[in-house]
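**Student:** Next come a sequence and a model predicted from it.
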Amino acid sequence: MKRRTGRVGRSRPTRARRTLAIALATAALNSVGCGGGAESGLVELSLGHVGSPGSLYDVTANEFARRVNERLAGRAELHVYGASQLGGDDAMLQRLRLGTLDMSLPSTIMSSMVDAFGLFEMPYLVRDREHMKRIEEAVVWPDLAPRAEEAGYRILAVWENGFRHITNSRRPIHGPEDLSGIKLRTPRGVWRVKLFQALGANPTPMPFSEVFVALQTGVMDGQENPLTQVTSAKLHEVQDYLSLTGHVYSPAFVTTGAGRWERHPPEIRAEVEAIAREMQAFVYETAARMDEELLAQLEATEMAINEADPARFEAASEPVYEEFATTVEGGRTLIDKARR
């Protein structure tokens with residue numbers, strides 16, 4: 001199949017334009033944080049995420065803002081900054097700790113902040129969304145959320161990034177052996193890098209905002225993401241193959257920094273947290289619908305789509321499970337609880 005990088009007419013922001021966009025968004029964020037809300041009694045809230053327009057992050061964050069702004073009208077107002085306007089996940093987590101951002105939606109990067117979150121980097125651990133609900137109740141709130149709080153972060157709710165699949169421009173991926181030598185972009189999570197090293201790829205962490213250009217120019221051969229991220233960021237325009245591996249399910253965590261969050265009135269915090277948790281049903285329903293619709297859309301493109309063999313990936317990743325179990329405090333217990 002002919003590689004399509006030379007046929008893509010859609011341009012992507014240069015680094016200078018992205019820097020300018022971040023600066024403008026930061027100025028707007030500072031205006032929100034330091035504006036006239038105190039005089040009017042209006043609490044100004046901010047939420048940042050890396051999702052492109054049309055992504056699951058974008059749809060769910062905007063619905064969250066709509067519900068907050070409707071129910072807390074005259075008392076609080078939530079502003080959403082998507083598409084990495086405030087930088088990547090690492091930059092936004094830093095803003096949470098500094099108290100210059102109220103909320104963000106980290107996913108994989110949490111495993112680099114708190115090693116126990118690497119649990120969600122274990123392949124084929126989460127079987128479906130109903131299983132994830134049980135893991136949330138049995139593992140996230142009693143075990144992971146307290147560790148996040150020790151690191152300066154507070155988890156308000158569990159949403160979704162999604163089931164991840166591999167795209168590339170070299171060949172279909174049926175099993176781990178097909179990943180040999182492929183330069184694969186991964187999120188900035190230590191366990192995702194370990195996983196793809198174990199599977200034989202050449203993984204490189206990279207901010208999501210830089211992925212399109214890296215694929216377009218051949219700096220990277222492929223990447224792995226949920227379908228909603230693939231399509232909303234137009235990654236299918238610069239990739240020839242989609243392999244439905246479903247190798248990792250990535251939750252997303254509505255996260256805040258304890259310092260800034262505690263400065264808001266307790267009744268506002270309680271209502272926002274309640275809305276964030278009730279959003280999960282909307283998130284899961286929307287994610288399931290988008291998975292079906294987006295796969296159908298991709299089947300209508302020039303991409304070659306194939307089913308991979310999960311059993312071969314799962315067998316090849318056992319060393320990663322064992323390393324997590326033996327190097328992360330309580331790692332084996334976390335795995336056992338999640339599997340049960």
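**Tutor:** That came through, no problem. Residues are numbered from 1 along each chain as shown.

**Student:** Spell out which residues sit in contact with the closest residue to Pro310 other than its chain neighbours, please.
**Tutor:** Among residues not flanking Pro310 along the chain, Tyr124 sits closest, at 6.0 Å (C-beta to C-beta, 6 or more residues apart in numbering). (Glycine included, C-beta is placed from N, CA and C.) By C-beta atoms under 8 Å, 6 or more residues apart in numbering, the residues touching Tyr124 are 246-248, 310, 313-314, 317.

**Student:** Could you tell me which of these belong to helices?
**Tutor:** Using DSSP state H, the members of the contacts of Tyr124 that fall within helices are 310, 313-314.

**Student:** Select only the buried ones of those in PyMOL?
**Tutor:** Typed into PyMOL, the line below selects the buried ones among the ones in helices among the contacts of Tyr124, using 16 or more other C-beta atoms under 10 Å:
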select buried, resi 313+314
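
**Student:** my guess is Gly189 contacts Glu121, does it?
**Tutor:** Yes: counting by C-beta atoms under 8 Å, Glu121 is a contact partner of Gly189 at 6.1 Å.

**Student:** what touches both of these two?
**Tutor:** Listed contacts common to Gly189 and Glu121 are 108, 111; contacts here mean C-beta under 8 Å, 6+ apart.

**Student:** Quick check: which element contains Glu77?
**Tutor:** Taking DSSP states H and E as the criterion, Glu77 maps to strand 76-81.

**Student:** Run the chain-centre distance for that strand.
**Tutor:** Using C-alpha atoms, centre = their mean, to the nearest Å, the distance from the centre of strand 76-81 to the centre of the chain it belongs to is 20 Å.

**Student:** on contacts alone, who are the packing partners of the very next helix or strand once past it?
**Tutor:** Using DSSP H and E, the helix or strand that follows strand 76-81 in sequence is helix 89-98. Counting contacts by 3 or more C-beta pairs under 8 Å, 6 or more residues apart in numbering; DSSP states H and E, helix 89-98 is packed against strand 103-104, strand 153-163, strand 249-257.

**Student:** Helix 89-98 versus strand 153-163: what angle between them?
**Tutor:** Angle, helix 89-98 to strand 153-163, by axes from the mean of the first three to the mean of the last three C-alpha atoms, to 10 degrees: 160 degrees.

**Student:** so Val193 sits in a helix?
**Tutor:** Yes: counting by DSSP: H, G, I helix; E, B strand; the rest coil, Val193 is found in a helix.

**Student:** ok, now which ones touch it?
**Tutor:** 186, 203, 205.

**Student:** Tell me which helix or strand comes right after the helix or strand hosting Phe212.
**Tutor:** Using DSSP H and E, Phe212 maps to helix 211-217. Once the chain leaves helix 211-217, the next helix or strand it forms, by DSSP H and E, is strand 222-225.

**Student:** Sheet partners, orientation included, of that following strand?
**Tutor:** strand 165-168 (antiparallel), strand 183-186 (parallel) (DSSP bridges).

**Student:** so which of those strands gets nearest Gln297?
**Tutor:** Nearest to Gln297 among these is strand 165-168; the distance by C-beta to C-beta comes to 14.0 Å.

**Student:** so how far is the closest one from its chain's centroid?
**Tutor:** Chain-centre distance of strand 165-168: 16 Å, with C-alpha atoms, centre = their mean.

**Student:** What of stretch 89-102?
**Tutor:** Here stretch 89-102 is found 16 Å from its chain centre; the criterion is C-alpha atoms, centre = their mean.

**Student:** quick one: strands adjacent to the strand holding Glu77?
**Tutor:** Strand 76-81 has the following sheet partners, assigned by DSSP bridges: strand 43-48 (parallel).

**Student:** Helix or strand next in line after the partner strand, which one?
**Tutor:** Counting by DSSP H and E, the next helix or strand C-terminal to strand 43-48 is helix 56-71.

**Student:** The host helix or strand of Ile305 pairs with which strands?
**Tutor:** If you go by DSSP H and E, Ile305 is part of strand 304-307. According to DSSP bridges, strand 304-307 forms sheet pairs with strand 241-244 (parallel).
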